[in-house]
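Visitor: return a 3D structure for these sequence lines:
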Amino acid sequence: MTHKKRTTLRQISEKAGYHFTTVSLALRDHPSIPSKTREKIKSIAAEMDYKPDPVLSALVAYRHSKTNHNFAGNLIWLLNYSKKYSWRDIPLFDQYFEGAQEGAKRLGYQIQTFDLQSEGMTSRRASEIFLHRGVSGIFIPPQEKAHVNLDLNWDDFSVISFGYTVENPKFHVVSSNHFRMMIDLINQLLKLGYRRPGLVLLKKSGERVENKWISAYLGKQWEADANNWPSPLILDTWDESTFINWLKKEAPDVVISGRRQIPELIPCLESSGYRIPEDIGFADHNMSDKNTATAGMQQNGVLIGTTGLEHLVGMIHRNEKGIPVTPTNTLVDANFYLGPTLKKMD
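Guide: Model (predicted):
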């Protein structure tokens, strides 16, 4: 049985009249090659039934990741925040950016921040600016609120979204594994001897992660013994009296909440006479990996950022642009940290 020989880049190069390096870049839609040249070379490659060698592609990608590179392209970190919202003050979001920056420098890409809320900016103008700058990929970091709609000319760009705050359109997502974070946290609390974990959550915080925290908590409650666990307290806004009444009625032996989302909670416990962790434990389900003041789940923000960068560059190399037909989710687990707000129960 004979096999048809694979068409090579050099054969395409000879027919098209371009150097094989130009052919390679054109087939990867590299912005350094003029669009007309790219289309001409891709048309010739299609006529010659060219198919990339998967083994060679993997080797090139490996070498690419292990060496320093010259400039490979521009990427956008798309900001869409009001003036009162400072995303760099949120440790986890800043770590996303740090991780993406580290990967970008290694692979020869430059990340530029771009503010959609700047004066006079429109979706059409932003799309035109990106094309003029030769932008090949866009990062969408977590938005200020959940259920955000973003309107740009997405067809020209590869896009990765961090988290679930963008409702429309739906892109490939890289995120913490929020559901697994809650499951792992509760399992660790049970191992320490806690028997009545109670969840306190702001409604808007839950919506930012598609209510994965409350879903995981209710699942573990059902799995254990629904009659022996406190009912979760979901608040529209922080309300001290509501929290104290819930505390007295439900009598949790450990409170699960986000210290950054509800900074008033621990001071409220302490002012009400509760000693932490002697009288009641506290576990933060949503920490950055640099937080050691409380016990809980430390998210790997830098790794999430680096993972997002690697996915985006892979999409650029595969010429995957626009809104995906079937979005995928890449989830990064968090790590349990036994901090000073928990103890091993007798």
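Visitor: which SSE is immediately downstream of the helix or strand of the chain with the lowest mean pLDDT?
Guide: Using mean pLDDT, DSSP states H and E, helix 54-66 stands out as the lowest-scoring helix or strand of the chain, at a mean of 57. Downstream of helix 54-66, the first helix or strand assigned by DSSP states H and E is strand 73-79.
Visitor: next SSE downstream of that following strand?
Guide: Downstream of strand 73-79, the next assigned helix or strand under DSSP H and E is helix 91-107.
Visitor: kindly format the C-alpha coordinates of the helix or strand just after that following helix as PDB.
Guide: Counting by DSSP H and E, the next helix or strand C-terminal to helix 91-107 is strand 109-115. Only the C-alpha atoms of strand 109-115 are listed here, as PDB (Å, rounded to 0.1, in the frame of the first residue of the first chain):
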ATOM      1  CA  TYR A 109       4.500  39.100  22.600                       C
ATOM      2  CA  GLN A 110       3.700  42.500  24.100                       C
ATOM      3  CA  ILE A 111       0.600  43.100  26.200                       C
ATOM      4  CA  GLN A 112      -1.000  46.500  26.000                       C
ATOM      5  CA  THR A 113      -3.800  47.600  28.300                       C
ATOM      6  CA  PHE A 114      -6.700  49.300  26.500                       C
ATOM      7  CA  ASP A 115      -9.600  51.100  28.200                       C
END
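Visitor: can you list the low-confidence ranges for the stretch 201-346 of the chain?
Guide: Counting by pLDDT under 70, the stretch 201-346 of the chain shows low-confidence ranges at 226.
Visitor: tally of neighbours for the nearest residue to residue 295 once chain neighbours are set aside?
Guide: Nearest residue to residue 295 in three dimensions, chain neighbours excluded: residue 339, at 3.6 Å (Cβ to Cβ, 6 or more residues apart in numbering). Placement of C-beta: from N, CA and C, glycine included. Neighbourhood size, residue 339 [other Cβ atoms under 10 Å]: 18.
Visitor: my read is residue 339 is in a helix, agree?
Guide: No - counting by DSSP: H, G, I helix; E, B strand; the rest coil, residue 339 is not part of a helix but coil.
Visitor: how close does it get to residue 170?
Guide: Distance, residue 339 to residue 170, by Cβ to Cβ, to the nearest Å: 36 Å.
Visitor: cool, and residue 51?
Guide: Distance, residue 51 to residue 170, by Cβ to Cβ: 30 Å.
Visitor: tell me which of the two has more neighbours.
Guide: Between residue 51 and residue 170, counting by other Cβ under 10 Å, residue 170 is the more crowded of the two (13 against 9).
Visitor: which of the three states applies to that one?
Guide: coil.
Visitor: thought it was touching residue 323?
Guide: Yes - between residue 170 and residue 323 there is a contact at 7.4 Å, judged by Cβ atoms under 8 Å.
Visitor: mind listing what residue 130 touches?
Guide: Going by Cβ atoms under 8 Å, 6 or more residues apart in numbering, residue 130 touches 76, 114, 138, 156-157.
Visitor: ok, which pair from those residues is furthest apart?
Guide: Farthest pair in these (Cβ to Cβ) is 114 and 156. Separation: 14.5 Å.
Visitor: neighbour-wise, which of those two wins?
Guide: residue 114 (18 against 14).
Visitor: the more buried one and residue 77 touch, don't they?
Guide: Yes - judged on Cβ under 8 Å, residue 114 makes contact with residue 77 at a distance of 7.0 Å.
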